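> any chance you could fold what I've pasted below:
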Amino acid sequence: MANRHLSRTIAMQSLYEWDFNDRAKPLSDITQYNVKQFAPGLDDPAFIFNLIKGVEEHMADIDKIIQETAPEWPLDQITVVDRNILRLGIYELLFAHEVPPKVAINEAVELGKAFGGESSGKFINGVLGTLYKNLPQAEQDKEKPEDSEKV
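Residues are numbered from 1 along each chain as shown. Modelled structure (predicted):
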């Protein structure tokens, strides 16, 4: 498993645990434990912490975007796994700008297929694809060759 994909997996698992337990423990503590458990020799754990911090800081905006993009699915009716994969994907797509938009979408879809239900990948692809189509053209075109290495 590539380092960035593993990092996103740990970030998603940490967000899932945090959300599932009603955000009782600090997200950074959960994440630190998960990094030690699942990726003790990871080259770039800072990437994981940047992701979870970004999602946490933009949570209200991200949740509003989910509600607007998938109005037939109230936030509390979206499975905890899918909801947190969407949060992570939306953060990378709209706020982080570290990877090309299509990479952010693909990574979220892959997480959905691996950890979600039977239709999670399609649902996540639909929500993030709709957001991508609504991005300004300049944002859609951010497919730089050097960025493809950061997958």
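> show me what contacts Ile124?
82, 85-86, 89, 108-109, 111-112, 116 (CB atoms under 8 Å, 6 or more residues apart in numbering). (Glycine included, C-beta is placed from N, CA and C.)
> identify the residues contacting Leu128.
Counting by CB under 8 Å, 6+ apart, Leu128 has contacts 86, 89-90, 93, 104-105, 108-109.
> which non-adjacent residue is nearest it?
Leaving out its chain neighbours, the residue that sits closest to Leu128 by CB to CB, 6 or more residues apart in numbering is Ile105, at 4.5 Å.
> number of nearby residues for that neighbour?
Counted with other CB atoms under 10 Å, residues neighbouring Ile105 total 21.
> which SSE is it in?
helix 101-115 (DSSP states H and E).
> who are the packing partners of that helix?
Other helices and strands packing on helix 101-115, by 3 or more CB pairs under 8 Å, 6 or more residues apart in numbering; DSSP states H and E, are helix 3-20, helix 80-90, helix 120-133.
> avg pLDDT for the second one?
Read that as helix 80-90. For helix 80-90, the mean per-residue pLDDT is 98.
> list the buried residues of it.
For helix 80-90, the buried set under the neighbour-count rule, 16 or more other CB atoms under 10 Å, comprises 81-90.
> check the gap between the spatially most central residue of the chain and Ala70 for me.
Central residue of the chain (CA atoms, centre = their mean): Leu88, 1.7 Å from the mean position. Distance of Leu88 to Ala70, computed by CB to CB, to the nearest Å: 15 Å.
> and the residue lying closest to Leu111 once chain neighbours are set aside, how far from Gly41?
Distance criterion CB to CB, 6+ apart; nearest residue to Leu111, sequence neighbours excluded, is Ile85 at 4.9 Å. Note on Ile85: its distance to Gly41, by CB to CB, is 25 Å.
> Pro136 too?
40 Å.
> any regions of the chain where pLDDT drops low?
In the predicted model of the chain, residues 1, 137-151 satisfy pLDDT under 70.
> what number of residues are in the vicinity of Phe38?
13.
> correct me, but it touches Ser7?
No. Phe38 lies out of contact with Ser7 (CB atoms under 8 Å); the separation is 10.3 Å.
> wait, isn't Val81 in contact with Phe115?
Yes. Val81 is in contact with Phe115 according to CB under 8 Å; the separation is 5.3 Å.
> residues shared between the contacts of these two?
Met12.
> got a list of what the closest residue to Lys25 other than its chain neighbours touches?
Closest residue to Lys25 apart from its sequence neighbours, by CB to CB, 6+ apart: Trp18 at 6.9 Å. Shown in contact with Trp18 (CB under 8 Å, 6+ apart): 25, 27, 30.
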